[in-house]
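Novice: Give me coordinates for this.
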Amino acid sequence: MKTENVDVLVIGAGPSGAVAASILHKNGIKVKVVEKQKFPRFVIGESLIPRVMDHFDEAGFIEGVLEKNFEKKFGARFLRGEEVCNFDFSQKFSEGWDWTWQLPRAEFDKTLTDILESRGVDIEFETGVENVEFHGTDSITTVVNAEGTKQIHAKFIIDSSGYGRVLPRLLDLDAPSVLDPMAAIFVHVNDKNRPEGVEGTQITFDVLSQKNWFWVIPFSDGVSSLGLVSPKEFLESIETDDLTETFHNIINQSDYYKERFKGAEFLFEPKKIVSYSAAVKKLYGPGFTLTGNSAEFLDPVFSSGVCFATESGALSAKLAIRQLRGETVDWETEYEQYIMYGVNVFRSYVKTWYTGELQKLFFHPEVNEDVRRKICAVLAGYVWDKENPFVAKHDRAVQAIAHVLI
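Specialist: Residues are numbered from 1 along each chain as shown. Down below sits the predicted model:
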């Protein structure tokens, strides 16, 4: 059987794998990327947050992506009946980027891999991983594609396979999520009634009830992404045999958007995912790391998915470079504990969103601008900035203020 030799094998060519591969390549590391699907391919995670821009900048992607004229995202709006809560990323507590993108991921992810291939990064699409054997930190990965089966010898593996969760599956690393099982149903529409200006382009989260919310993500090409997130049982209770009919019924639940999207043309039959939250026993092992959705996925509500994907992809690459150059890396402290700190910050906000405490804070009529700035920094993805008390005390800050507002 044919065997290739590389320094680092990256499994998955989404944003996490692309950022990792770019940083490795820029540092002279021989990297190979294998991706099970053919790009472009549909995937959700269409709303980014500003922290990802640090990673795209480090990976050298900003200029190439700007050429595509994706919709820029400067903040987010939350609605609940007549109540409105706006967050402006330029008004956040932490230093960092004030904007990012909201975009169709199929085109965006293809843009990143096109940039990588133009720089000489070796990417094999439609190539699935069948088996991985570790010998210390070295590994032999068996992959298969249309040309047959071969093996890849690597000194390190970065698993950025997303929902494919290659190494968690092969190495028995999956763990149950501590979050309640939720479901999402979503579609793209031709947004023919889109208003002019910010009203038409701003990403919005419309709270239909405490645990049910509706997203609207406008893209620059006139298409918008619409979706409902709810407890699994709720979606099952309203679902009909015809998902298109189900989704039109969902649109009608939004007093704010039902006229704008009345009779809207769906560009594909609504898709759904159920019990999507995921966790693992460990984020690393001898010779590998797990990044992005291969490791932890929380909830779509604050668009944290791509942030954790690129944060973990970039950090994996930089730590792997050090290890390959002979340094001793403390993977527990420098990788697992670091990444999980940010995950746990966002997990606190996801939990308090669904208990209603964070919603109470968002929609309180008397806005404390200092509190708003600090929460805005969290929503922008700066969840490792411990100078922000809403990061450092994430496990109790929201509850404490919500209790005062009762």
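Novice: can you give me the strands in the stretch 1-150 of the chain?
Specialist: Secondary structure of the stretch 1-150 of the chain by DSSP state E, counting those that start in this stretch: the strands cover 3-11, 31-34, 71-73, 75-80, 83-88, 100-102, 122-124, 128-135, 138-145, 148-159.
Novice: most neighbours per residue, which of those?
Specialist: strand 31-34 (a mean of 26; mean count of other C-beta atoms under 10 Å). (Glycine included, C-beta is placed from N, CA and C.)
Novice: Strand partners (parallel or antiparallel) of that one?
Specialist: Strand 31-34 sits in its sheet next to strand 3-11 (parallel), strand 122-124 (parallel), going by DSSP bridges.
Novice: Go through the ones you listed and name the closest to His248.
Specialist: strand 3-11 (38.7 Å; C-beta to C-beta).
Novice: And the contacts of the closest one?
Specialist: Under the contact criterion C-beta atoms under 8 Å, 6 or more residues apart in numbering, strand 3-11 has outside partners 17, 20-21, 24, 29-34, 122, 129, 139-141, 150-161, 164, 166-167, 294, 317, 320, 324.
Novice: Provide a list of residue ranges in the stretch 1-150 of the chain with pLDDT below threshold.
Specialist: By pLDDT under 70, the stretch 1-150 of the chain has no low-scoring segment.
Novice: Next SSE downstream of the host helix or strand of Met340?
Specialist: Per DSSP states H and E, Met340 falls inside helix 338-355. Going down the chain from helix 338-355, the next helix or strand is helix 357-362, by DSSP H and E.
Novice: For that following helix, name the packing helices and strands.
Specialist: Applying 3 or more C-beta pairs under 8 Å, 6 or more residues apart in numbering; DSSP states H and E, one finds that helix 357-362 contacts strand 75-80, helix 338-355, helix 397-404.
Novice: What residues sit buried inside the helix or strand following it?
Specialist: Using DSSP H and E, the helix or strand that directly follows helix 357-362 along the chain is helix 369-379. Buried positions in helix 369-379, judged by neighbour count with 16 or more other C-beta atoms under 10 Å: Val371, Arg372, Arg373, Lys374, Ile375, Cys376, Ala377, Val378, Leu379.
Novice: OK, contacts around the fifth one?
Specialist: By C-beta under 8 Å, 6+ apart, the contact list for Ile375 reads Phe87, Leu361, Phe390.
Novice: 7 Å instead, please
Specialist: The contact partners of Ile375, by C-beta atoms under 7 Å, 6 or more residues apart in numbering, come to Phe390.
Novice: Could you do the fourth one as well?
Specialist: The contact partners of Lys374, by C-beta under 7 Å, 6+ apart, come to Phe93, Asn388, Pro389, Phe390.
Novice: Tell me the one of those nearest Glu107?
Specialist: Nearest to Glu107, judged by C-beta to C-beta, of the contacts of Lys374 is Phe93 at 32.8 Å.
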